[in-house]
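S.K.: From the sequence below, what's the structure:
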Amino acid sequence: MLNNSLPSGWAAAAIKDALRIESVMSDGDWVESKDQDPSGNIRLIQLADIGDGDFRNKSKRFMNLEAADRLNCTYLQKGDVLIARMPDPLGRACIFPGVGQESVTVVDVCLVRCSEGSAVSSTILKHWINSPSVRNAIALQATGTTRKRITRKKLEALELPLPPLAEQQQIAARLDALLAQVDTLKTRLDSIPAILKRFRQSILAAAVSGRLTEEWRGSPATSFNQSPVTIGKEADAAPKGWGWKLLTDLAVLESGHTPRKSVPEYWEGGDVYWISLQDIRAAHGTEIQDTKHKPTMLGIDNSSARLLPAGTVCFSRDISVGFTTIMGHEMSTTQHFANWICGEGLSNKYLMYALMAAKGHLTISGQGTTVKTIYMPALKQFRLLLPPVEEQSEIVRRVEQLFAFADQMEQRVKDAQSRVNLLTQSILAKAFRGELTAEWREQNPDLISDENSAEALLERIKAERAAMKPAKRGRRKVSA
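M.R.: Predicted coordinates:
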């Protein structure tokens, strides 16, 4: 029994039994697409707005007053607890802060309005719903195969550990302070990946401008703002010993192709590596070893595709313009790629890093608009700012060293984010075991005992509900 493990003055009760009769616990309204109105002045709060402890205010759905009246909608009030009856995650709860206009919510959101004098406050209910033990209970009672959900009736019956109201105020204040610190930490951690992305871009810019090897070379670099790959003759500046070269003079340009999908023999049981747009996005800046789709050799032989050697640089020339990878072994590609087989004077890794550094420049046409495709004639005009072979090797070594450092930092951030997420759950678990307020209870025994105890308040609510029930009518006696 939950009661046996509760601190002094606490009691256990289902949500429905902790609410006074004036309170509200109901599903949102069944609002279909036909009931909505983009120009309406009533906001329709949806599942996307319900964050895990926070209101996200993301949806942009509305309805008009006539539709709301026709559907007899329940209007939200500031301070209402909103519980998502569908994932992800299932059972997440937040407090509605108000959005500056009348609002209703959808049927997959449960609305709880705790009236004054209830045995649970809105803040405590929100935190309690988001705690690990309750999330586990909700998950166990969920139904559905494709998308899990929980009914309002099951939510009503969930048993709460209820502190006295005075202690609830203490818990709420301490949780708000602790979780605010956690949120600040999360925000700082969440900002680091963007910083690392800029760090990697600055490494590439330094590498292909000569800045990264300036001391090693003993001569100054070019401008950081200069793209190392251009379409035609756009620039002349180069560090000492470097030069602008037509890329087709340094590497063989190959295209790709897609075997016909309508011919089963071209794809079923295939084992030929074939790089698609989906693959190159995931492998950007790395050496690709596997592909999601694999045609058969029969499919390759009966298309314009052909196998290209390991080390070939693959550059996406449309849709995902600028994504670049290197073949880890013999592979073929879709027609969306330009593939470069590098000669002796060009390091394939240096070319990959140069194309990555030039991604933004190459995706903008001469008129300043984003291009959807770089066609073959333009690819044949690619010019590359080329260092000597020895310096290419040094640049690649330094870039890989710095990228490895960035990767290590990124993994540490992910590990820290996981620990912070566990920290939130740990704090909530401690709160509802009474550990955050143990000292406060010792100092304030009168605020948690006798009439101030949770059990006494629950009894008053129970008596109030009983008094409000209409008396059953007896059968009228019929005279003989």
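S.K.: so what's residue 94 bridging to?
M.R.: Note on residue 94: beta-bridge partners by DSSP bridges are residue 82.
S.K.: who touches it in this structure?
M.R.: Residue 94 is in contact with 50, 51, 52, 53, 54, 55, 56, 81, 82, 126, counting by CB atoms under 8 Å, 6 or more residues apart in numbering. For the C-beta atoms, the positions are set from N, CA and C on the backbone; glycine is no exception.
S.K.: Among those, which one has the most neighbours?
M.R.: residue 50 (27 neighbours; other CB atoms under 10 Å).
S.K.: Find the residue closest to that one in space, skipping its chain neighbours.
M.R.: residue 84 (4.3 Å; CB to CB, 6 or more residues apart in numbering).
S.K.: For the one you found, grab the count of nearby residues.
M.R.: Neighbours around residue 84, by other CB under 10 Å: 25.
S.K.: Tell me how far it lies from residue 142.
M.R.: As judged by CB to CB, to the nearest Å, residue 84 and residue 142 stand 12 Å apart.
S.K.: Which neighbours do those two have in common?
M.R.: With CB under 8 Å, 6+ apart as the test, residue 84 and residue 142 both reach residue 90.
S.K.: helix, strand or coil for residue 294?
M.R.: Secondary structure for residue 294, judged by DSSP: H, G, I helix; E, B strand; the rest coil, is coil.
S.K.: Tell me, please, where in the stretch 351-480 of the chain the pLDDT is lower than the cut-off.
M.R.: Low-confidence segments of the stretch 351-480 of the chain (pLDDT under 70): 365-371, 470-480.
S.K.: circling back to that earlier point, which pair of the contacts of residue 94 spans the longest distance?
M.R.: Using CB to CB, the pair of the contacts of residue 94 lying farthest apart is 56 and 81, separated by 15.1 Å.
S.K.: show me where the stretch 151-300 of the chain has strands.
M.R.: Under the criterion DSSP state E, counting those that start in this stretch, strands of the stretch 151-300 of the chain are mapped to 159-162, 229-231, 243-246, 251-254, 274-275, 287-288.
S.K.: so what strands line up beside the fourth one?
M.R.: Yep, that's strand 251-254 we're talking about. Short version: by DSSP bridges, strand 251-254 pairs with strand 337-342 (antiparallel).
S.K.: Comparing the strands of the stretch 151-300 of the chain, which stretch has the densest surroundings?
M.R.: Among those, strand 274-275 has the highest mean neighbour count (mean count of other CB atoms under 10 Å), at a mean of 26.
S.K.: Enumerate every residue touching the residue nearest to residue 56 when sequence neighbours are not counted.
M.R.: Counting by CB to CB, 6+ apart, the nearest residue to residue 56 once its immediate chain neighbours are dropped is residue 49, at 5.4 Å. Contact analysis of residue 49 by CB under 8 Å, 6+ apart lists 55, 56, 57, 58, 59, 82.
S.K.: So which of the residues you listed is the closest to residue 318?
M.R.: residue 58 (31.6 Å).
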